[in-house]
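Novice: show me how the following folds:
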Amino acid sequence: MQGKTAPNPHSIDELLTLMARLRDPQHGCPWDIKQTWQSILPHTLEEVYEVADAVDRHDATALCDELGDLLFQVVFMARIAQEQNLFSFDDVVTGITHKMIRRHPHVFGDTIYSDERAQKQAWETIKQQERTQQNTPTDFFAGIPTAMPALRRSQKLQQRAAQVGFDWTHWQEVLPKIQEELDEVSAAVADAEPFERIEEEVGDVLMGATNLARLLGVNAENALRLSNRKFENRFRRVESLLQMQGVALADAGLERMETAWNIAKQEEKQINGS
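Specialist: The predicted structure follows:
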């Protein structure tokens with residue numbers, strides 16, 4: 001009927017009802033019934049990565065689908081909690097709503113920030129106040145999950161330290177530090193140091209790189225993910241170019257692969273107009 005918007009036949013309430021039915025002890029799905037937070041966590045993480053993949057590919061259709069899968073994981077975990085009288089999905093929604101209002105006093109209150117940096121500083125201050133009120137451990141790095149991907153966690157640790165002034169002034173200052181760490185890797189290898197020592201030095205190089213990214217305003221995790229995708233696409237093109245010559249990857253040799261690699265790079269530049 002013109003002039004009216006048709007009601008959405010599938011609401012969040014329907015999804016919650018569906019989840020309850022899947023978990024019904026007598027008539028539900030045996031697989032869903034036996035799941036726990038721990039057992040579905042790998043699936044939840046996998047859905048997060050699939051969301052990221054859809055975003056990287058600028059695939060709106062896939063993103064819509066993957067966001068649905070991720071939402072289902074949230075509903076699943078909340079349902080398990082509700083069955084144990086711990087919390088419900090409504091509690092999750094109420095909690096995040098109140099949190100966002102609390103962390104945006106410039107939107108939902110009268111606070112005025114001078115610039116974006118002041119807003120970010122206030123955001124961290126509010127988070128610290130929340131941790132204090134919730135009796136969260138007072139460790140300086142409390143709230144930065146150990147299970148977070150290492151690159152992202154490295155930047156979070158550095159951001160936290162920077163809040164108390166433990167930081168470089170300019171990104172250029174990090175470059176000599178990265179070179180210093182590279183020299184220490186070379187020295188450890190040359191001196192036949194134990195593998196653990198070499199691994200530690202390589203870790204220092206990576207941490208220096210994440211610090212550089214942070215000071216440039218770059219998310220290191222995103223940057224590496226995009227570089228991984230670029231490498232993957234470029235190497236697929238190398239394989240394609242070699243196949244056109246009737247040469248298999250395993251038989252090509254480094255020189256031929258490097259030639260194909262440079263062709264692939266040049267093609268990318270032409271496509272990107274650079």
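
Novice: show me what the helix or strand of the chain with the lowest mean pLDDT is packed against.
Specialist: One helix or strand of the chain scores below all others by mean pLDDT, DSSP states H and E: helix 116-133, with a mean of 82. Counting contacts by 3 or more Cβ pairs under 8 Å, 6 or more residues apart in numbering; DSSP states H and E, helix 116-133 packs against helix 89-103. The way it works is simple: take the backbone N, C-alpha and C, and place the C-beta from them, glycine included.

Novice: quick check: mean pLDDT across the helix it packs on?
Specialist: Helix 89-103 comes out with an average pLDDT of 95.

Novice: quick one: buried residues of it?
Specialist: Neighbour-count burial for helix 89-103, counted by 16 or more other Cβ atoms under 10 Å, picks out Phe89, Arg103.

Novice: next: stretch 197-213.
Specialist: Quick answer for stretch 197-213 (16+ other Cβ under 10 Å): 198, 201-202, 204-213.

Novice: now the next helix or strand after the least confident helix or strand of the chain: how far from the chain's centre is it?
Specialist: Using DSSP states H and E, the next helix or strand after helix 116-133 towards the C-terminus is helix 150-162. Its chain's C-alpha centre and that of helix 150-162 lie 13 Å apart, by Cα atoms, centre = their mean, to the nearest Å.

Novice: ok, and for helix 150-162, which residues are buried?
Specialist: Buried residues in helix 150-162 (16+ other Cβ under 10 Å): Leu151, Arg152, Arg153, Ser154, Gln155, Lys156, Leu157, Gln158, Arg160.

Novice: output the contacting helices and strands for that helix.
Specialist: In terms of contacts (3+ Cβ pairs under 8 Å, 6+ apart), helix 150-162 is packed against helix 195-215, helix 220-244.
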